[in-house]
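> Predicted coordinates and the sequence they were generated for:
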Amino acid sequence: MQRDSSWAGLRGWSRVALVVLGVAFAARGARAERFDEEDSSTPRGAVARLLAAAEQKDKETLASALNVPRSASAAKRTAAADLGQKLARVLSQSARFDLDDVSDDPKGKPDDGADVERIATLRGRERDVPVLLERSKVIPNTWVVSAGTQTRIPELYERYGPSKLEVHVPPQLRAELLGLPSWQWLGIVTAIVGALVLGRLIAFLLNHAAERVAKRTRMLWDDELVSALRSPLRLFFSVFVYAPLAHALALPGNVRLISIRAVSLLGIAALAWIATRVVGVIGNVMERRATEHEQSQGARSQRAARTQVRVLRRVLNLVLGGCAVALMLMQFEVVRSVGVSLLASAGLAGVVLGLAAQRTLGSIFAGIQLSITQPIRIGDDVIIEGEFGTIEEITLTYVVVRIWDERRLIVPMSRFLEHPFQNWTKVSSRLHGTVLLQADFTLPVGALRAEVDRLVESNPLWDRRTKAVQVTDARERTLEVRILVSAEDGGKLFDLRAQLREKLAAWLASFEDGRHLPRLRTASPAGGADAD
């Protein structure tokens with residue numbers, strides 16, 4: 001079953017990746033058509049025309065984008081068009097370039113200087129290389145690639161140009177589909193399938209070796225760890241293998257960015273999955289050790305350890321999940337920008353969110369406080385909301401109490417910290433209980449005490465600690481006799497009291513023909529003899 005679910009998850013990942021990439025390629029093609037409608041009077045329009053001209057192999061427009069007028073020689077315009085084609089390839093391949101970041105103002109960005117616009121900073125052989133535009137002095141009202149950038153295009157093309165794999169691709173696979181060559185489509189599918197196969201193979205070999213090592217040890221936790229990490233390691237190694245395979249495809253910049261983001265998200269998810277599995281194994285080991293020491297340290301210590309381990313494990317899993325989600329969101333510039341904006345204007349929003357999350361956060365902190373102070377533990381017998389039950393489960397936000405009649409009472413965590421309740425096993429599970437008996441004033445208490453001794457001594461539910469018979473009240477018609485006994489826990493005490501109550505009632509009815517049962521006496525006004 002675990003193997004099928006793992007395959008299903010990986011197949012789902014591949015399908016999602018293909019859909020996302022397909023949408024990205026379609027958007028890329030649509031954006032290229034829109035770029036073709038731009039002019040060069042703004043920096044963004046000039047770059048858009050350069051990219052569109054490179055896709056359409058328009059040498060005249062490419063030469064103009066590099067500040068070469070139509071009056072120049074054919075050789076000069078051809079050389080400029082070749083540099084323009086290479087620069088377009090560099091920009092499309094780099095994940096550091098985003099056309100939306102380029103200014104759409106005819107004057108450019110004031111921070112970059114007069115008549116100069118920095119459109120990207122790309123990594124060269126030894127240093128970062130700025131890609132600059134400047135206002136042309138040859139072609140009126142036009143932004144062009146600066147002369148300094150033109151001299152660095154060969155260096156950038158060496159890094160972002162065709163890969164070794166692309167050079168050997170046959171012409172039949174160079175036809176474009178949705179703005180992407182067919183060989184890259186085929187390469188993406190091959191990389192995904194290859195990553196799935198190689199990832200599972202690497203995980204299998206590693207798990208097989210780890211299992212052989214674990215079987216040679218006497219410890220149990222290493223076997224559990226190997227079994228728990230089997231599925232997350234498949235995902236981790238699949239992502240690990242896909243990264244270099246996708247890099248060899250030399251994908252365009254926006255497609256490469258999507259691929260990098262997808263790999264990063266899956267890698268973060270795999271690491272979080274591994275961490276939660278490790279936490280689970282550690283928790284199981286600690287619970288097992290608490291159980292092994294039950295006889296030497298007592299059931300109370302065992303329940304305390306189980307409670308702390310389970311609550312802290314949930315806290316750690318929550319923290320790991322929150323960190324994983326935060327790292328995933330940090331992969332997106334839009335989300336980071338939104339986060340910064342929210343933090344900048346977090347006055348009223350912070351108050352609203354704080355009030356909305358007050359109860360939730362309060363419950364979580366209450367769970368953490370409970371795991372430290374331990375007013376209740378798993379297995380404790382409690383009376384809460386007028387119900388007697390046993391603590392069955394403790395989460396970060398609520399507690400499950402198993403009532404004696406098999407119902408479950410769900411109690412918010414804060415209820416145990418804000419309101420009083422009875423914990424019958426806080427210090428010890430041993431308890432005292434009473435049986436109240438109503439009898440006539442003529443009852444010989446010594447005979448009743450002897451009968452109680454006989455019944456209690458022969459009852460295995462009594463823990464031989466406490467046994468007492470006392471007259472606690474004398475009412476107008478009866479004596480109230482209290483029998484005090486003790487037992488190891490609440491369940492045994494309840495049964496002991498019930499059995500004593502039943503047998504003492506039968507004894508009182510049969511003792512001396514029941515003459516000591518409660519009676520109603522009356523007296524005549526003349527002071528005659530009493531009548532029953």
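On my side now, so go ahead. Residues are numbered from 1 along each chain as shown.

> Next one: residue 511 from residue 452, what distance?
For residue 511, the distance to residue 452 (CB to CB, to the nearest Å) stands at 13 Å. Yep, even glycine has a C-beta here, placed from its N, CA and C like the rest.

> Of these two, which one has the most company?
Under the neighbour definition other CB atoms under 10 Å, residue 511 and residue 452 were set side by side, and residue 452 has more, 23 against 18.

> mind listing what residue 233 touches?
203, 206-207, 274 (CB atoms under 8 Å, 6 or more residues apart in numbering).

> Quick check: phi and psi on the closest residue to residue 310 other than its chain neighbours?
Closest residue to residue 310 in three dimensions, ignoring its sequence neighbours and counting by CB to CB, 6 or more residues apart in numbering: residue 394, at 6.3 Å. For residue 394, the backbone dihedrals (degrees, to the nearest 10) come out as phi -130, psi 120.

> tell me which residues form a beta bridge with residue 394?
With beta bridges defined as DSSP bridges, residue 394 has these partners: residue 399.

> Could you count how many residues lie near it?
For residue 394, the neighbour count with other CB under 10 Å is 24.

> correct me, but it touches residue 375?
No - with contact taken as CB atoms under 8 Å, residue 394 and residue 375 are classed as non-touching, separated by 11.0 Å.

> residue contacts, the residue most central in space within the chain?
With distances taken as CA atoms, centre = their mean, residue 321 lies nearest the centre of the chain, 2.6 Å away. The contact partners of residue 321, by CB under 8 Å, 6+ apart, come to 272, 276.

> do residue 316 as well
The neighbourhood of residue 316, defined by CB under 8 Å, 6+ apart, consists of residue 279.

> Kindly report the same for residue 64.
Contacts for residue 64 (CB under 8 Å, 6+ apart) come out as 40, 70, 139, 142, 144.

> again, 7 Å this time
If you count contacts by CB atoms under 7 Å, 6 or more residues apart in numbering, residue 64 has them with residue 139.

> Next: residue 507.
residue 451.

> Pull out the buried residues from the helix or strand harbouring it.
Take DSSP states H and E as the rule and residue 507 turns out to sit in helix 490-510. Buried residues in helix 490-510, defined by neighbour count with 16 or more other CB atoms under 10 Å: 490, 492-494, 496-497, 499-500, 503-504, 507-508.

> Can you add distance to residue 408 and give those back as JSON lines?
Conversion of these to JSON lines gives the following (distance: CB to CB, whole Å):
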{"residue": "490", "distance to residue 408": "18"}
{"residue": "492", "distance to residue 408": "23"}
{"residue": "493", "distance to residue 408": "23"}
{"residue": "494", "distance to residue 408": "20"}
{"residue": "496", "distance to residue 408": "27"}
{"residue": "497", "distance to residue 408": "26"}
{"residue": "499", "distance to residue 408": "29"}
{"residue": "500", "distance to residue 408": "31"}
{"residue": "503", "distance to residue 408": "34"}
{"residue": "504", "distance to residue 408": "35"}
{"residue": "507", "distance to residue 408": "40"}
{"residue": "508", "distance to residue 408": "40"}
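
> Can I get those in JSON lines including distance to residue 128 and pLDDT?
Converted to JSON lines, the buried residues of helix 490-510 look like this (distance: CB to CB, whole Å; pLDDT from 0 to 100):
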{"residue": "490", "distance to residue 128": "73", "pLDDT": "79"}
{"residue": "492", "distance to residue 128": "78", "pLDDT": "86"}
{"residue": "493", "distance to residue 128": "78", "pLDDT": "86"}
{"residue": "494", "distance to residue 128": "78", "pLDDT": "86"}
{"residue": "496", "distance to residue 128": "83", "pLDDT": "91"}
{"residue": "497", "distance to residue 128": "84", "pLDDT": "91"}
{"residue": "499", "distance to residue 128": "87", "pLDDT": "92"}
{"residue": "500", "distance to residue 128": "89", "pLDDT": "92"}
{"residue": "503", "distance to residue 128": "93", "pLDDT": "92"}
{"residue": "504", "distance to residue 128": "94", "pLDDT": "91"}
{"residue": "507", "distance to residue 128": "99", "pLDDT": "91"}
{"residue": "508", "distance to residue 128": "100", "pLDDT": "89"}
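
> Out of those, which comes closest to residue 48?
Taking CB to CB as the measure, residue 48 sits nearest to residue 490 out of the buried residues of helix 490-510, at 78.8 Å.

> And the residue nearest to residue 310, how close does it get to residue 382?
When CB to CB is applied, the distance between residue 394 and residue 382 equals 12 Å.

> which residues are in contact with both of those two?
When contacts are counted by CB under 7 Å, 6+ apart, residue 394 and residue 382 have no shared neighbour.

> in the protein, which spans are strands?
Assigned by DSSP state E, the strands in the chain fall at 116-123, 128-135, 143-145, 176-177, 180-181, 381-384, 387-394, 398-403, 408-412, 422-423, 431-439, 467-474, 479-487.

> quick one: which of those strands has the weakest pLDDT on average?
Lowest mean pLDDT within the strands of the chain: strand 176-177, at a mean of 58.

> quick one: contacts for residue 118?
Neighbouring residues of residue 118 by CB under 7 Å, 6+ apart: 112, 130, 132.

> and of these, the nearest to residue 94?
Distance to residue 94 across the contacts of residue 118 (CB to CB) is lowest for residue 130, with 12.6 Å.

> quick one: pLDDT of residue 345?
Each residue has a pLDDT score; the one for residue 345 is 49.

> List the residues that contact the closest residue to residue 59 other than its chain neighbours.
Nearest residue to residue 59 in three dimensions, chain neighbours excluded: residue 81, at 3.8 Å (CB to CB, 6+ apart). Residues near residue 81 by CB under 7 Å, 6+ apart: 59, 62-63.

> same thing but 10 Å
Residue 81 makes contacts with 53-54, 57-66, 68, as judged by CB atoms under 10 Å, 6 or more residues apart in numbering.
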